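>>> I'd like to go over a predicted model; first the sequence, then the structure.
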Amino acid sequence: MKKLTAPDEILYHVGFSASSLKGAKWALLPGDPGRVEGLANACGQAEFIGCHREYTSWLTSIGCERVLVCSTGMGGPSVAICLEELACMGIEGVIRVGTTGGIQEKINFGDVIINKAAVRLDGTSHHYAPESFPAVASFTVTEALMQAALELQIPHHVGISVSSDTFWPGQERYDSFTGYVRKAFQGTMKEWQVLGALNYEMETAALFVAAQCMGIKAGSVCGVIARRTESEQVAPADIYKLAEERFQKVVYRALQILLKAGV
Ligand code: URA
């Protein structure tokens, strides 16, 4: 049986109660708490809800529908905790909005990547479903994100992410403190490239699997801030800004489409 909280019960991790949602059924989930306010304002009339641990929350509106914008912090565990509590407060659909490193030559800085599925190179998703279970997005959410990017003529790619629990070894980065990547990860970027995966990031697999287990619709859209075909570094601030402007526009338009369709 699914657990729904009482309207005024403050949830332990996110630090607010269902009454703050004012009926919102959709949530946008950036990783970075610093991106929440901007994203909320880019959508509509925004109001601050609260800030607790890595979870900064604002309420915004798209047309006459309320939408929650809540940061998840980095990595699968904090995404799953957030999703658990949002589900208990009645959230039915979520879109991850993040940054990513492209691993294919054709992917440029500032491009948008819409992930339809993810490689489960994380721990969290394995606490929800066995190894053989796929990490896939909701078809309707992915379709809306694709339609939005097409309409807005924003350069974008649709495909599979590699969701890693680590920024360095799991994403085969050697510019870490020790410079060591354990043998199991050496050569893995090449393999993901050959298999046609598009990008590295840290949250999508956990989100897709946990959302599926909870019966929540989920999608993921990321802006490219690293081109792993040329460097391990992340790009300077102007690229980050471009990526942010683009994924804000795509996610806003996608939610308009979804809400209009009554999804
Ligand atoms: N986020 C990641 O996890 N990896 C990158 O390369 C860039 C952003």
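Alright, I've got the coordinates. Predicted model, so just to flag it, every value in this text is computed and none were measured.

>>> what sits against residue 28?
Applying C-beta atoms under 8 Å, 6 or more residues apart in numbering to residue 28 gives the contacts 39, 43, 67, 68, 69, 70, 94, 95, 97, 251, 255. To be clear about C-beta, it is placed using only N, CA and C from the backbone, and glycine gets the same treatment.

>>> Quickly find the element holding it.
Element membership for residue 28 (DSSP states H and E) is strand 26-30.

>>> where exactly do the strands run in the stretch 101-250 of the chain?
Ranges of strands in the stretch 101-250 of the chain, per DSSP state E, counting those that start in this stretch, are 112-121, 135-136, 156-164, 199-201, 217-227.

>>> CA-only coordinates of the first one in CSV, if you can.
It refers to strand 112-121. The C-alpha trace of strand 112-121 is given here as CSV (Å, rounded to 0.1, in the frame of the first residue of the first chain):
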residue,chain,number,x,y,z
VAL,A,112,21.2,19.4,-24.5
ILE,A,113,21.0,15.6,-23.9
ILE,A,114,17.7,13.9,-23.3
ASN,A,115,18.3,10.6,-21.7
LYS,A,116,15.8,7.8,-22.5
ALA,A,117,17.6,5.3,-20.4
ALA,A,118,20.7,4.9,-18.3
VAL,A,119,23.5,2.4,-17.5
ARG,A,120,23.2,1.6,-13.8
LEU,A,121,26.8,2.3,-12.8
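
>>> Look up which residues are beta-bridged to the closest residue to the ligand within the chain.
Taking C-beta to the nearest ligand atom, the ligand has its nearest neighbour within the chain at residue 101, 2.4 Å off. Beta bridges link residue 101 to residue 200, residue 226 when assigned by DSSP bridges.

>>> how far away is it from residue 243?
For residue 101, the distance to residue 243 (C-beta to C-beta, to the nearest Å) stands at 11 Å.

>>> between the two, what contacts are shared?
Shared contacts of residue 101 and residue 243 (C-beta under 8 Å, 6+ apart): 224, 225.

>>> So between those two, which is more surrounded?
Applying other C-beta atoms under 10 Å to residue 101 and residue 243 shows that residue 101 carries more neighbours, namely 28 against 23.

>>> residues in contact with that one?
So residue 101 contacts 171, 199, 200, 201, 224, 225, 226, 227, 228, 234 (C-beta under 8 Å, 6+ apart).

>>> at 10 Å instead, please
With contacts defined as C-beta atoms under 10 Å, 6 or more residues apart in numbering, residue 101 is in contact with 107, 113, 162, 164, 167, 171, 173, 189, 198-201, 222, 224-229, 231-235.

>>> Show the buried residues in these.
Neighbour counting with 16 or more other C-beta atoms under 10 Å marks 107, 113, 162, 164, 167, 171, 173, 189, 198-201, 222, 224-228, 235 as buried within the contacts of residue 101.

>>> so how far is the longest helix along the chain from its chain's centroid?
Assignment by DSSP state H gives helix 237-260 as the longest helix of the chain. With C-alpha atoms, centre = their mean, to the nearest Å as the basis, helix 237-260 stands 12 Å off its chain's centre.

>>> follow-up on the earlier one: and the buried ones among the contacts of residue 101 near the ligand, which?
Contacts with the ligand within the buried ones among the contacts of residue 101, counted by C-beta under 6 Å from any ligand atom: 167, 171, 200, 201, 225, 226.

>>> residues contacting the first one?
It refers to residue 167. Counting by C-beta under 10 Å, 6+ apart, residue 167 touches 74, 75, 101, 173, 176, 200, 201, 202, 234.

>>> mind checking which helix or strand the residue nearest the centre of the chain is in?
Central residue of the chain (C-alpha atoms, centre = their mean): residue 96, 2.3 Å from the mean position. Assigned by DSSP H and E, residue 96 belongs to strand 93-102.
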